[in-house]
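S.K.: no sequence on this one, just coordinates:
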């Protein structure tokens, strides 16, 4: 079922049929469609670069990247570049990444131990609070006031372990932008998670093409057959909060699409293939025969026990969660470009960043693990690295998603394909396009079919 909240009405609950996990549309309605050109057109991408990316809150890095004074991290989205830094007093700050002399970028990548932000070109420098510190051969410029050359500030704030930035000084606060999402995820206590690594992959696809693949489960039956044996894709309730959304995904039972349904051994093998390291399975080893469930229990208890055992070996206690909660995924889609796959012990954040052309993007994966114990955990620098899209090795499911992206992007360019058609099961994609229209000022709407209530 799909529920729409925050002033956009509420759909009646409806049982899923064999074609969709969303609420079926009325027979008299027409499909929801959006122009395919939004994924390919240079003019549309230019409008995004002008009106979306400089104005919207977007995930930049984790608090673990900038935990100590002198830590810094460069975030890029298209041509925009922001440097996030922890200053000498421990205050988190963000600036546009540009030297105010000739426009050279100040930082690339990330690092620690900085005492200043210095341009390599002519060696102008700023302190970590963004104040101009040094101008070589300063007298040659005449009267040059430090207060006139502070680095352009960028709004910065955090939710749990995630750092967000917004280049618009007049934008609403982050918490207002996120709306009800943090409260909905409160039971996971995101503050207890620490980022272990950040992986970046350049993909030959538009950022929306990339993000759409992690915004619906309609495609599971097509490219993720292993998931169908342990995930009920026909019973994944969705909710839309204005431009953000969530899908609740039950694991430990098979999809209703499968006839006959898989037995426990087949579910056990599929679980090992999908969950892999999280459940303590070696990459190349067969999982062996499925253990017997506890008296009165089921395969859900068997699967959850493997996750609990792996977590306990790392000092993480999942006693606050039921076996079903240990398995189930809460997948949050935060406008415009991130997906949080949230489990009690593990969070994977997928971020789609725009490239320099409509056919290029970067897919970034933040992997965060729950900290063991009750005391606040010290933060340490995550491992950051880049991989090739053709041999990413990011796990069975994500590798399957990556493989199809290039084919989708090429298909979107075909002259006979003019509009993308979306079902209620793809309501989180529809919400993204409504958000885009709001930020880009597209009126009247280019979305046909079911429209949000006035």
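M.R.: Here it is on my side, so go on. These numbers come from a predicted model, not from an experiment. Residues are numbered from 1 along each chain as shown.
S.K.: pLDDT below threshold where in the stretch 101-250 of the chain?
M.R.: Under the criterion pLDDT under 70, no range of the stretch 101-250 of the chain is flagged.
S.K.: please repeat the previous calculation with a cut-off of 90.
M.R.: Within the stretch 101-250 of the chain, the ranges that satisfy pLDDT under 90 run 216-227, 233-234, 242.
S.K.: quick one: the helices in it?
M.R.: Using DSSP state H, counting those that start in this stretch, the helices found in the stretch 101-250 of the chain span residues 174-178, 181-184, 207-212, 220-223, 225-228.
S.K.: figure out which of those is closest to residue 36.
M.R.: Nearest to residue 36, of all the helices of the stretch 101-250 of the chain, is helix 207-212, at 10.5 Å by C-beta to C-beta. Where C-beta positions appear, they are placed from N, C-alpha and C, glycine not excepted.
S.K.: buried residues, stretch 384-398. List them.
M.R.: 384, 387, 389, 392, 394-395, 397-398 (16 or more other C-beta atoms under 10 Å).
S.K.: flag the least confident of those residues.
M.R.: Lowest in pLDDT among those is residue 392, which has 66.
S.K.: of the helices of the stretch 101-250 of the chain, flag the one that's most buried.
M.R.: Ranked by mean neighbour count under mean count of other C-beta atoms under 10 Å, the helices of the stretch 101-250 of the chain are led by helix 207-212, which reaches a mean of 26.
S.K.: what's next to that one, contact-wise?
M.R.: 38-39, 203, 336-339, 350, 352-355, 361, 363, 405, 408-409, 412, 426, 429, 432 (C-beta atoms under 8 Å, 6 or more residues apart in numbering).
S.K.: of those residues, buried ones?
M.R.: Applying 16+ other C-beta under 10 Å to these flags 38-39, 203, 336-339, 350, 352-355, 361, 363, 405, 409, 412, 426, 429, 432 as buried.
S.K.: go through those residues and flag which are in strands.
M.R.: 203, 338-339, 350, 352-354, 361, 363 (DSSP state E).
S.K.: could I get those residues as JSON lines with distance to residue 69?
M.R.: Shown next, in JSON lines, are these (distance: C-beta to C-beta, whole Å):
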{"residue": "203", "distance to residue 69": "35"}
{"residue": "338", "distance to residue 69": "27"}
{"residue": "339", "distance to residue 69": "32"}
{"residue": "350", "distance to residue 69": "30"}
{"residue": "352", "distance to residue 69": "32"}
{"residue": "353", "distance to residue 69": "27"}
{"residue": "354", "distance to residue 69": "32"}
{"residue": "361", "distance to residue 69": "33"}
{"residue": "363", "distance to residue 69": "31"}
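S.K.: pick out the most distant pair among the buried residues of stretch 384-398.
M.R.: 384 and 397 (22.1 Å).
S.K.: after the helix or strand hosting residue 403 comes which helix or strand?
M.R.: Secondary structure from DSSP states H and E places residue 403 in helix 396-412. Downstream of helix 396-412, the first helix or strand assigned by DSSP H and E is strand 419-422.
S.K.: I'd like to know which elements that following strand is packed against.
M.R.: strand 32-35 (3 or more C-beta pairs under 8 Å, 6 or more residues apart in numbering; DSSP states H and E).
S.K.: pLDDT averaged over the strand it packs on - what is it?
M.R.: 97.
S.K.: what are the contacting residues of it?
M.R.: So strand 32-35 is contacted by 418-423, 430, 433, 446-450 (C-beta under 8 Å, 6+ apart).
S.K.: packing partners of the helix or strand just after it?
M.R.: Downstream of strand 32-35, the first helix or strand assigned by DSSP H and E is helix 42-51. On a contact count with 3+ C-beta pairs under 8 Å, 6+ apart, helix 42-51 meets strand 346-354, helix 427-440.
S.K.: one more pass at 10 Å, please.
M.R.: Packing partners of helix 42-51 (3 or more C-beta pairs under 10 Å, 6 or more residues apart in numbering; DSSP states H and E): helix 207-212, strand 346-354, helix 427-440.
S.K.: so for residue 95, which of those sits nearest?
M.R.: Using C-beta to C-beta, these put strand 346-354 closest to residue 95, at 18.9 Å.
S.K.: and the closest residue in space to residue 358 that isn't next to it in sequence, what does it touch?
M.R.: What sits nearest to residue 358 in space, not counting adjacent residues and going by C-beta to C-beta, 6 or more residues apart in numbering, is residue 45, at 4.3 Å. Counting by C-beta atoms under 10 Å, 6 or more residues apart in numbering, residue 45 touches 38-39, 52, 78, 206-208, 354-360.
S.K.: which of the contacts of strand 32-35 sit farthest apart?
M.R.: It's 418 and 450 that sit farthest apart of the contacts of strand 32-35, by C-beta to C-beta, at 19.1 Å.
S.K.: how about the strands in the stretch 51-200 of the chain?
M.R.: For the stretch 51-200 of the chain, the strands defined by DSSP state E, counting those that start in this stretch occupy 58-62, 72-77, 80-86, 92-96, 110-111, 117-118, 125-126, 132-134, 155-159, 162-166, 193-203.
S.K.: out of those, which gets nearest to residue 244?
M.R.: Per C-beta to C-beta, nearest to residue 244 of the strands of the stretch 51-200 of the chain: strand 155-159, 12.0 Å.
S.K.: re earlier: which of the strands of the stretch 51-200 of the chain sits closest to residue 233?
M.R.: strand 193-203 (24.1 Å).
S.K.: same for that closest one, what does it pack against?
M.R.: When contacts are defined as 3+ C-beta pairs under 10 Å, 6+ apart, strand 193-203 packs onto strand 58-62, helix 207-212, strand 346-354, strand 361-370, strand 383-387, helix 396-412.
S.K.: and the fifth one, how far out from the chain middle?
M.R.: Meaning strand 383-387. With C-alpha atoms, centre = their mean, to the nearest Å as the basis, strand 383-387 stands 17 Å off its chain's centre.
S.K.: and what of the last one?
M.R.: Helix 396-412 sits 17 Å away from the centroid of its parent chain (C-alpha atoms, centre = their mean).
S.K.: now it against strand 346-354, angle please.
M.R.: On the basis of axes from the mean of the first three to the mean of the last three C-alpha atoms, to 10 degrees, helix 396-412 is oriented at 20 degrees to strand 346-354.
S.K.: thinking again about what came up before, residue 175: which of the strands of the stretch 51-200 of the chain is closest?
M.R.: Short answer: strand 155-159, nearest of the strands of the stretch 51-200 of the chain by C-beta to C-beta, at 7.6 Å.
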